[in-house]
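Chemist: Build me a model:
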Amino acid sequence: MPATLRAVTSFTIASILLFQPAQLTSQEPADTFCVLHHFGDPASAAKDANLSVQPAGVIAVGDDGSLWTTASQGGNSNVGSVIRITTDGQYTRVADFNGTNGSGPQGGLVNGKNGYMYGTTTSGGRWGPGTIFRVSQKGGAVEVIYDFRNGRVTGIAPKDCSTPVCAYTPEQKASMSGGFPVSAPVAMGGNLYGVTTYSNAQAYGTLYTLPLDTAPRPQTFTATTPEDGDEKMHVLCMFQPNLANDKVMSAYRCNTNGITAAFLTAGTDGNLYGTTTGVHGSVFKATTGGTVTSLHEFNGNDGNLPLSVMQASDGNLYGTTGNGGVGNWGTLYKINPNANDFLALKYFAQQSKNLYALQFPYAGVVEGADGQLYGALAQGGPYGRAWGLLYHVAKDGSNFGILHEFNSGPNGAKPVNTPIIVEDKTYGTTLYGTTDLGGTNLIGTFYRMRVNRVTVTSGTPIKTYAVPNDKDGVVIDVRTDATASQGLTVDKERDHGIAVRMKCSTDPHWVQFIYREIIKPDNPAVPPGSQIQPNGKLLDDASLALLGVACCQTKKDDPTTHYRLTTNVNHIYWNPDAPDRPTDTNVGSPFYEGGHSAERDCDSLTLFDRPEFGVPNLVSRAVARDYAICNGAVKAQLEWVSDETLDAQSNPHWTYQVSVRSASKIPDYFLCQLQNKHYQLPPGQSISPNVICTSLPDATAWLP
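Modeler: The predicted structure is shown next:
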């Protein structure tokens, strides 16, 4: 069981030296991103939960460390389910809704710390406008503890009999008024607290409380069957501004202009905090006794549609608006609850870098143990394929970074619920959440992301290659202008690189070989040329030394990893590009991902590289040969050329050339390179019997 759990990165990319790619502190064989469950999967129980219309609600942590939430569709009656998933992906559809016990549970769950999970349904139940329910963490059916009435009085006896005709008291009128909740309740001090979007059939809403020990109503009932919840439900106030003029009900007006109460959370200071979404929306503070204070009313320019809010360790509130702000794409905001001090930290919009679109943060943010905020955008990513992304940002709005891009395919799309963070003993900060779309069935996923590992994002797709007739379904995707990051600081991010992704779910590996050239162009206006025919003179190490520059080595401050520049395309100095260098006592691993920038996911392995060795007026070229290995077999050979130049301000620029084809064996020349330098040979690869590795012919741009 994880030691510390929080509702939703820190590795090190070393300084890139010479042509050395960005390195990590470690890259043990564990995934960065993984889909734990595809909703609606036909291989799972029939009529699985799915999220194709409404998102999953708030994720709660069970007593055993498992994760619980609700799905608003699916189940035996297709009106929603309670679901449970362990952090290693064991999925259970715990209970289904059937209309009578509620329909469309949008809000998620809260752990009552009494063996039960509690939540709400948006509709259904005894009277139609939703329910409050509980589910045992041991399993079992949904139990309704309250049926919202939305003003319906059936079965409730008036208590004010001070006149010949008994009447309903103001307290009764208020407590019967709520309906259509979209937020899970919160548990504090033996009570549930929550909000509804409607009151008395109008889009105002209520702030209510109900004891945790409220008994469930019978599964079968009539219109007059008594219900414990009817006696114990207490509406603290109603989000109806015009009640100020109602002499009878004015005491039950929430002291805010906000209407349509949408979300409620428990603060770390013992107060309740929530949002309304009517007009442009607002943020409010409430005591458990029902005293409400308006903290901010949005005007559209500073945000619109605040769907969630949270209180961070610094005591301030942080949240997002689904849209509004610059470009109407949403905002990230901060509020000091003690001073009503509002600040828009970030306006989400299209970014110039890589033409990124950052849009619609319907999901809120959560705080990690590192003090950073983590969240999701429903639409975001490289412009033109914005299927959503996960991000981190500092509490002052700085240090914004992208953790993961969704792709509308198997890893999901449109993450609209607020993730949850688990501080895992082994892997550190781990993010769990759901997507509304995508997955193998296109109706949502439940994902896990270990955010302290390498993330490769963005880039321009330039090549996609599906290995023909491959039983493992290997596909190679290549992007340029890609970014690799690990951790939260700018100096641990590398952009303008090449990303090579292999889709492979069984034991993926990359083996990379590399050589370098320094080209003195005959004409700087002419492109550097192809691998076979560079346009210009190839300089040697001695010529480079006259410029006060030394090249090349694969590891910083390790002269044993030095190797020569290639000065003739008929005599190439190939070098294994594997970080696990052999020593006198061990044999090195040949795999590129064993310490370099590579993102390992459950179904893929993405290599990132950005050779750096900028020299004024020269072209620094790196040529790499990559072999994709999946399920113990070589699947493809990819060759890429990186040309780096410096502009007049000494800013580096990279261009890439790429080719890829199927392959079933790494050539003997390269296997001998590994053997001669004391690397292990990749599984399933062997050197042909007639090859003498100590007397290899010269490599050329054509061979091997």
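Chemist: For the stretch 301-450 of the chain, give me the ranges with low pLDDT.
Modeler: Along the stretch 301-450 of the chain, the parts satisfying pLDDT under 70 run over 350-356, 382-385.
Chemist: go again using 50 as the cut-off
Modeler: Within the stretch 301-450 of the chain, the set of residues satisfying pLDDT under 50 comprises 352.
Chemist: Report pLDDT for residue 69.
Modeler: As predicted, residue 69 sits at a pLDDT of 96.
Chemist: now it, which residues is it bridged with?
Modeler: Assessed by DSSP bridges, residue 69 has beta-bridge partners residue 83.
Chemist: could you list every residue that touches it?
Modeler: Applying C-beta atoms under 8 Å, 6 or more residues apart in numbering to residue 69 gives the contacts 56, 57, 58, 59, 60, 82, 83, 108, 109, 417, 434. Backbone N, C-alpha and C define where each C-beta goes, glycine included.
Chemist: Verify the contact between the fifth one and residue 109 for me.
Modeler: Right, the one you point to is residue 60. Yes. Proximity of residue 60 to residue 109 meets the contact threshold set by C-beta atoms under 8 Å, at 4.2 Å.
Chemist: So for these two, which sits in the more crowded spot?
Modeler: residue 109 (30 against 24; other C-beta atoms under 10 Å).
Chemist: helix/strand/coil for residue 392?
Modeler: Local secondary structure at residue 392 is given as strand here, using DSSP: H, G, I helix; E, B strand; the rest coil.
Chemist: and it, how far is that from residue 315?
Modeler: Relative to residue 315, residue 392 is positioned 21 Å away (criterion: C-beta to C-beta, to the nearest Å).
Chemist: Who has more neighbours out of those two?
Modeler: For residue 392 versus residue 315, neighbours defined as other C-beta under 10 Å are more numerous around residue 392 (24 against 12).
Chemist: Identify the bridge partners of that one.
Modeler: residue 374, residue 401.
Chemist: got a list of what the residue nearest to the spatial centre of the chain touches?
Modeler: Centroid-nearest residue in the chain: residue 390, 3.6 Å away (criterion: C-alpha atoms, centre = their mean). The contact partners of residue 390, taken as C-beta under 8 Å, 6+ apart, are 374, 375, 376, 402, 403, 404, 415, 419, 431, 433, 449, 451.
Chemist: for the residue lying farthest from the centre of the chain, helix, strand, or coil?
Modeler: Farthest-out residue of the chain from its mean C-alpha position, per C-alpha atoms, centre = their mean: residue 164, at 62.5 Å. Classification of residue 164 into helix, strand or coil gives coil, according to three-state DSSP.
Chemist: for the stretch 401-550 of the chain, what spans make up the helices?
Modeler: Ranges of helices within the stretch 401-550 of the chain are 541-546, based on DSSP state H, counting those that start in this stretch.
Chemist: Relative to residue 158, how far out is the residue farthest from the centre of the chain?
Modeler: Using C-beta to C-beta, one obtains 12 Å as the distance from residue 164 to residue 158.
Chemist: try residue 429
Modeler: According to C-beta to C-beta, residue 429 stands 55 Å off from residue 158.
Chemist: Over to the nearest residue to residue 652 once chain neighbours are set aside. Which of the three states is it?
Modeler: Counting by C-beta to C-beta, 6 or more residues apart in numbering, the nearest residue to residue 652 once its immediate chain neighbours are dropped is residue 614, at 4.7 Å. Under the three-state scheme (three-state DSSP), residue 614 adopts coil.
Chemist: do residue 672 as well
Modeler: Going by three-state DSSP, the state assigned to residue 672 is helix.
Chemist: who are the neighbours in contact with the residue lying closest to it once chain neighbours are set aside?
Modeler: Using C-beta to C-beta, 6+ apart and skipping residues adjacent in sequence, the residue nearest residue 672 is residue 693, 3.6 Å away. By C-beta under 8 Å, 6+ apart, the residues touching residue 693 are 672, 675, 676, 687.
Chemist: so how far is residue 407 from the residue nearest to the centre of the chain?
Modeler: Distance from residue 390 to residue 407, counting by C-beta to C-beta: 13 Å.
Chemist: in what helix or strand does residue 210 lie?
Modeler: Following DSSP states H and E, one finds residue 210 within strand 206-211.
Chemist: Quick check: the farthest pair among the contacts of residue 390?
Modeler: In terms of C-beta to C-beta, these reach their longest pairwise distance at 402 and 433, which sit 15.2 Å apart.
Chemist: the more surrounded of these two?
Modeler: residue 433 (29 against 22).
Chemist: What distance do you get for that one to residue 97?
Modeler: As for residue 433, its distance to residue 97 is 22 Å (criterion: C-beta to C-beta).
Chemist: Same question for the lengthiest strand in the chain: list its buried residues.
Modeler: For the chain, the strand reaching the highest residue count under DSSP state E is reported as strand 633-646. Of all the residues in strand 633-646, those buried under the rule 16 or more other C-beta atoms under 10 Å are 633-638, 640-646.
Chemist: Check stretch 532-552 too.
Modeler: Under the neighbour-count criterion of 16+ other C-beta under 10 Å, stretch 532-552 has 534, 536, 538, 539, 541, 543, 544, 549, 551, 552 buried.
Chemist: From start to finish, how long is stretch 180-187 in a straight line?
Modeler: The first and last residues of stretch 180-187 sit 19 Å apart, counting by C-alpha to C-alpha, to the nearest Å.
Chemist: and residue 429 and residue 158? which has more neighbours close in?
Modeler: residue 429 (24 against 13).
Chemist: Since that was my last question, I'll sign off now.
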